[in-house]
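>>> Need a 3D model of the sequence below.
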Amino acid sequence: MQPYLRRVGVEISLVVLALSGSSAFAKGVEPRVETLDNGLKVLMVERHEQPMVAAGVFYDVGGVNDPHGKSGIAHLFEHMLFKGSKIIGTTDYEAEKTYIEQIEKLRIKMNEEMNRMRVMKRRGEISDVLDPKQWTPEYTAMKKQEDELVTAQRQYIKNNEFFNLYTTNGGAGLNAGTAEDITFYFVQLPTNKLELFFWLESDRMTGGIMREFYVERDNVREERRLRTDSTPTGKLDESFEALFWQAHPYGVPVLGWASEVESISAQDVRDFYKVHYAPNNAVLVLVGDFQSDKALALAKKYFGRLSRAPSEPDPLITEEPRPLGVRRLDAEAETNPRVMVRFHSVAMAHKDEPALDVLAGLLNGKAGRLYKRLVTKDDMVIGVPRGENSAQQYAGYFEIGATVKEGRDPQEVERIVVEELTKLHDGEITDRELQKVKNQVLAGSVRRLQSNFGLMLQLGMFETFVNWQYLNESPERIQKVTTDEVRAVARKYIDPKTRTVAIYRTKQAASGGSEDAELLALIGALPPERQSQAKKAMAEIEQATDPAPLKMMKQQIEQALGGGQVPQERRAVWELVVKRAEEKISQLEAGNKEKK
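Got it, this is the predicted structure:
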């Protein structure tokens, strides 16, 4: 199983979670598992090497659960839960509530006027409903009134109180992530502050409010602009996903389509909250220095008082139909030429998943078949071509990706990739080749679970998607894979006649670009998605106006670097990102001092 978080729409510091390459498996992890009467599952692993605890809450909800026409709700709600509750983030909630209610009533009228402007756009009377210069006088007047109400509301708001409560009590790495089919919140805390985690997380499980909702909705739209619209391949990657997943909601971006995000109301999010954010739809995981009995008592004290959701979430029933032919996206971007060849595969825990993982392993690395053919023999690509089997909760894909060498034809690279894949249908796979892949999986499982943080994340995800035991079972399943099984899954899933292909050809930036030359020199040998992550990180650093998020990002990356989660060939890139973050933090803090 390959990196799941690569496509997660999360805060920037979560980039580090996808750096390690492949997901880790381990044998012998035995958490204590308890289930509260309200359905909350609690997983605990005691490790007493240092007085810290990695703690997280995982919700079985993500972008696939967004209501039709309202994509982005799951991700938007992740943002809202950092705004506080009736207790956290306010000096007087009852006084603040009057402004929230007034804004809600005004927004109903504004939404009606927005719908009228959408009709005007369809008729060609205006070109952009989000452009203030094209708003109707009625909408402009109501927006001014809303701004005045928001300003009045802010006299009661305590900004960043949730964040400050954690950090002033020794919390580190506070963050969250929303993926296609999971949302999770996590922090690392000193042992003697663990009760704070239970109090704050139970409070926001059911006590969150829509504080500055429409302001935050605008921030999410800006995040989309930064992460997707303004990156070299952001829109293309989004189009490729939509091309590949034509029916399944995996094809809808977790950040949401811009036009739909703009239509989401606070009540839409409240309704979503009631169904999906409840004890019976969550898993709580602790790994580190604590006593399980005491932690369980805290879980019962704070989470045990919460009720189950009034109804169970609707099951996801949409299945992706089998492709009827080859699908293609051929485009230009300000990036190195890239080729991606993708096939539909299987969901996590499917019986064919281990053989597909081994198949990917045969193609990967400098000893893999793709490198030997595309680099050593034909000198067609730069870096190390990759093969990955990405098994997600409801479906999966098998993908080959390569960065094409300047002057070489991307379509020729595609032809060779297909040729090498076809050879695996019936060709020879040696015992030595197979065992090498299995050994690599086992070695990686031990290395990547050494940190409390890494183990906490994987326990939470596996328990949410399948069960935590899958963490122990996966290495055994991999070891049992035979060459016949590898050939069988290659024939079954890797059908060149149903492949989906993306080819990005290099397009020179009109202005010459402003990309970091040192970064470009380092990332050339990385896989395409790792290049994109590094570029996004640099873009956020460059455009940052607040040092606090940069400090969080820097801390997360440093933890990954220090914990051995980053392969040696990628360390230089992320060390440079840390350096640029430090420079920007110093610049922002110096500017703040001058203003004072």
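>>> count of neighbours near T318?
13 (other CB atoms under 10 Å). C-betas here are computed from N, CA, C, even on glycine.
>>> before we move on, what about the one 4 residues further on?
A count of neighbours around R322, defined by other CB under 10 Å, yields 8.
>>> swap in G177?
24.
>>> helix, strand or coil for it?
With DSSP: H, G, I helix; E, B strand; the rest coil as the basis, G177 sits in strand.
>>> Next: V57.
Assignment for V57 (three-state DSSP): strand.
>>> So for it, what's the pLDDT?
Looking at V57, its pLDDT is 98.
>>> list the contacts for it?
With contact taken as CB atoms under 8 Å, 6 or more residues apart in numbering, V57 is in contact with F184, Y185, F186, E201, M205, A282, V283, L284, V285, G460.
>>> could you pull out the strands for this protein?
9-10, 32-35, 41-46, 52-59, 172-178, 183-190, 282-288, 327-333, 338-344, 381-391, 396-404, 500-506 (DSSP state E).
>>> And the average pLDDT for the second one is what?
This points to strand 32-35. 98.
>>> So which elements touch that strand?
strand 41-46, helix 292-302 (3 or more CB pairs under 8 Å, 6 or more residues apart in numbering; DSSP states H and E).
>>> ok, now the fifth one?
Packing partners of strand 172-178 (3+ CB pairs under 8 Å, 6+ apart): strand 9-10, helix 73-80, helix 161-167, strand 183-190, helix 547-562.
>>> Helices along the stretch 151-300 of the chain, start to end?
161-167, 194-206, 213-224, 234-244, 258-261, 266-276, 292-302 (DSSP state H, counting those that start in this stretch).
>>> right, and the ones you listed - which one's nearest E148?
helix 213-224 (13.2 Å; CB to CB).
>>> tilt between the closest one and helix 73-80?
110 degrees (axes from the mean of the first three to the mean of the last three CA atoms, to 10 degrees).
>>> Any chance of the helices and strands packed on strand 172-178 in a markdown table with distance to Y99, mean neighbour count and mean pLDDT as columns?
Formatted as a markdown table, these follow (distance: least, CB to CB, whole Å; neighbours: other CB atoms under 10 Å; pLDDT from 0 to 100):
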| stretch | distance to Y99 | mean neighbour count | mean pLDDT |
| --- | --- | --- | --- |
| strand 9-10 | 30 | 24 | 38 |
| helix 73-80 | 17 | 24 | 95 |
| helix 161-167 | 18 | 18 | 95 |
| strand 183-190 | 27 | 24 | 97 |
| helix 547-562 | 26 | 19 | 77 |
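>>> Dump these to TSV, plus distance to M52.
Formatted as TSV, the helices and strands packed on strand 172-178 follow (distance: least, CB to CB, whole Å):
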stretch	distance to M52
strand 9-10	22
helix 73-80	24
helix 161-167	13
strand 183-190	6
helix 547-562	11
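>>> roughly how far apart are L149 and M142?
Between L149 and M142 the computed distance is 10 Å (CB to CB, to the nearest Å).
>>> Need the overlap of contacts for those two.
Here L149 and M142 have L106 as joint contacts, going by CB under 8 Å, 6+ apart.
>>> so what's G427 up against?
R487.
>>> T136 too?
E113, R116, M117, M120.
>>> any idea which of those residues is closest to V341?
Taking CB to CB as the measure, V341 lies nearest M117 of those, at 42.1 Å.
>>> Which residue is the nearest non-sequential neighbour of that closest one?
Spatial nearest neighbour of M117, excluding adjacent residues (CB to CB, 6 or more residues apart in numbering): V129 at 4.6 Å.
>>> dump the residue contacts of the one you found.
M114, M117, R118, M120, K121, W135, E262.
>>> For burial, what's the neighbour tally of the last one?
Applying the criterion other CB under 10 Å, we find 18 residues in the vicinity of E262.
>>> before we move on, what about the second one?
Applying the criterion other CB under 10 Å, we find 20 residues in the vicinity of M117.
>>> May I have the beta-bridge partners of V33?
L43 (DSSP bridges).
>>> so it makes contact with V42?
Yes: with contact defined as CB atoms under 8 Å, V33 counts as touching V42 (7.2 Å).
>>> Comparing the two, which residue is more hemmed in?
Counted by other CB under 10 Å, V33 and V42 do not tie: V42 has more neighbours, with 22 against 15.
>>> More neighbours: which of L149 and M142?
Between L149 and M142, counted using other CB under 10 Å, the more crowded position is M142 (19 against 16).
>>> Tell me the spatial nearest neighbour of that one, not counting adjacent residues.
M110 (4.9 Å).
>>> Hmm, that neighbour is touching Q145, no?
No: with contact defined as CB under 8 Å, M110 does not reach Q145; the gap is 9.2 Å.
>>> still on that earlier bit, and the residue nearest to M117, how close does it get to D66?
21 Å.
>>> need the helices for the stretch 401-550 of the chain, in chain order.
Using DSSP H, counting those that start in this stretch, helices in the stretch 401-550 of the chain cover 410-426, 431-448, 452-465, 470-479, 483-493, 517-523, 528-543, 547-562.
>>> how far off helix 452-465 does the last one point, in degrees?
So that's helix 547-562. Using the same axes, to 10 degrees: helix 547-562 against helix 452-465 is 100 degrees.
>>> quick check: angle from helix 547-562 to strand 183-190?
Using the same axes, to 10 degrees: helix 547-562 against strand 183-190 is 80 degrees.
>>> for helix 547-562, packing partners?
If you count contacts as 3+ CB pairs under 8 Å, 6+ apart, helix 547-562 packs onto strand 172-178, helix 528-543, helix 568-595.
>>> out of the ones you listed, nearest to W257?
Using CB to CB, the nearest of these to W257 is strand 172-178, at 15.3 Å.
>>> What strands flank the closest one, and is each parallel or antiparallel?
When DSSP bridges is applied, strand 172-178 pairs with strand 9-10 (antiparallel), strand 183-190 (antiparallel).
>>> buried ones in that strand?
A172, G173, L174, N175, A176, G177, T178 (16 or more other CB atoms under 10 Å).
>>> ok, now which ones touch the first one?
Contacts of A172 were listed using CB under 8 Å, 6+ apart, and they are V187, Q188, L189, Q555, Q559.
>>> Would you check how far apart it and Q134 are?
From A172 to Q134 the distance is 45 Å (CB to CB).
>>> cool, the third one as well?
The spacing between L174 and Q134, counted by CB to CB, is 39 Å.
>>> residues of the helix ranked longest in the chain that come out buried?
Longest among the helix segments of the chain by residue count, using DSSP state H, is helix 93-122. Judged by neighbour count (16+ other CB under 10 Å), helix 93-122 contains these buried residues: Y93, E96, Y99, I100, I103, L106, R107, M110, E113, M114, M117.
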